[in-house]
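# have a look; sequence and predicted model below, questions after that.
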Amino acid sequence: MITVNTNMVSSWAAYNLNNTNTNLQRSLARLSSGSRINSSYDDAGGLAVSMKLSAAIRRTEASQSNINNTLAMLQTQDGALKSAEKVLTRMSELIQLSGDVTKSTNDRALYQTEYQSLQVQMVDLVDEQFNGVSLFTNGGWNAVIDNTSTSGNTLTVVLSQDGGQTTSITQSDLGSVAFYVGTASAGLAGSTALSTNNVFQNITTAAAAITTVNQAIQNLASLRATNGSEQVRLTFAADMLAINRNNLQAANSQILDVDVAAESANLAKQNILQQAGTSMLAQANMSSQSVLRLLT
């Protein structure tokens with residue numbers, strides 16, 4: 001049957017060409033963006049999973065940044081502890097030098113002057129901070145008198161992107177170590193801490209002071225060992241986060257990223273279909289002109 005009002009061949013050709021154009025546009029969007037999913041229509045379920053993976057990746061990166069900042073804080077703390085070690089070593093050296101029988105009272109007074117300067121430096125180290133956060137606590141005389149722990153306060157560090165894993169770092173009690181060697185004014189009565197006025201009086205007091213300084217050095221060594229163990233723990237945690245981040249990115253890539261080779265082949269296919277569809281639509285539109293031959 002030949003009709004003029006309705007050209008079904010042309011309608012179907014236009015319908016197929018419209019579908020081809022839509023598929024061609026989607027293929028171009030995938031290749032230009034590098035993403036297989038450019039709208040929820042492309043893959044609703046895959047998009048939902050990808051969103052969660054992307055958020056987990058960002059949290060993992062944030063956790064890595066936090067741990068790296070904490071490591072920097074611990075490294076700064078260790079630097080201050082290393083400086084304290086040098087101060088204590090020099091203090092013990094001064095005390096030992098003052099015990100020389102050939103030294104006069106005036107000589108010992110000179111050693112005392114330097115010793116007092118080092119005491120001030122020890123107190124200043126206790127007040128060191130990292131970005132406004134104290135590196136140390138000041139247990140002070142109480143820890144010395146009561147022989148209590150000098151472990152210091154702890155700060156909680158999150159090690160995983162979901163917050164399920166945590167560890168603690170220590171604000172070392174450098175104050176109790178510092179007060180073992182006295183203050184610029186004097187030691188505390190009744191404690192084992194040194195009184196500057198007594199250390200350099202004579203050979204006997206100098207010899208007795210060495211024991212106390214050695215105890216301060218021992219406590220400081222414990223603080224540095226704790227600092228080192230915490231750095232090791234955080235280093236491994238940061239490495240684990242880096243591995244997790246790579247794995248999450250790989251999983252997200254499987255869902256989100258376009259296969260360029262396959263999509264290029266699909267683009268070529270859609271281009272051919274578009275050209276063929278356009279040609280066939282033109283042929284379909286011309287088929288109705290055969291009616292004119294019947295009318296002439």
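Done, it's in.
# could you use CA atoms for every contact and neighbour count after this?
OK.
# and the strands in the stretch 151-296 of the chain, which stretches?
Applying DSSP state E, counting those that start in this stretch to the stretch 151-296 of the chain gives strands spanning 153-158, 166-171.
# can you put these in CSV and add mean pLDDT?
Formatted as CSV, those follow (pLDDT from 0 to 100):
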stretch, mean pLDDT
strand 153-158, 88
strand 166-171, 89
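# right, so of these, which gets closest to S134?
Each of the strands of the stretch 151-296 of the chain has some distance to S134 by Cα to Cα; the shortest is strand 166-171, at 7.2 Å.
# may I see the buried residues of the closest one?
Within strand 166-171, the residues scored as buried using 16 or more other Cα atoms under 10 Å are 169-171.
# show me the contacts for A84.
A84 makes contacts with 122, 125, 220, as judged by Cα atoms under 8 Å, 6 or more residues apart in numbering.
# if you could redo that for Q201, that was the one I meant.
Shown in contact with Q201 (Cα under 8 Å, 6+ apart): 105, 108.
# next, it: phi, psi?
Main-chain torsions, Q201, degrees, to the nearest 10: phi -70, psi -50.
# same question for G132.
Backbone torsions of G132, given as degrees, to the nearest 10, read phi 90, psi 0.
# residue nearest the centroid of this protein?
Residue closest to the average C-alpha location in the chain (Cα atoms, centre = their mean): S65, at 2.2 Å.
# just the element for it, please.
helix 44-98 (DSSP states H and E).
# so how far is that helix off the chain centroid?
Here helix 44-98 is found 8 Å from its chain centre; the criterion is Cα atoms, centre = their mean, to the nearest Å.
# stretch 19-31 too?
Put simply, stretch 19-31 sits 41 Å off its chain's centre (Cα atoms, centre = their mean).
# N138 contacts D124, correct?
No: under the criterion of Cα atoms under 8 Å, N138 is not in contact with D124, lying 11.3 Å apart.
# between those two, which is the more surrounded one?
Set N138 next to D124 and count neighbours by other Cα atoms under 10 Å: N138 wins out with 22 against 12.
# neighbours around the closest residue to the more buried one other than its chain neighbours, how many?
Spatial nearest neighbour of N138, chain neighbours left out: G175 (4.0 Å); criterion: Cα to Cα, 6 or more residues apart in numbering. Number of residues near G175 (other Cα under 10 Å) recorded here: 24.
# before we move on, what about S176?
Count around S176 with other Cα under 10 Å applied: 30.
# pretty sure it sits against V123.
No: between S176 and V123 there is no contact under Cα under 8 Å: 10.3 Å.
# mutual contacts of those two, please.
The contact sets of S176 and V123 do not overlap (Cα under 8 Å, 6+ apart).
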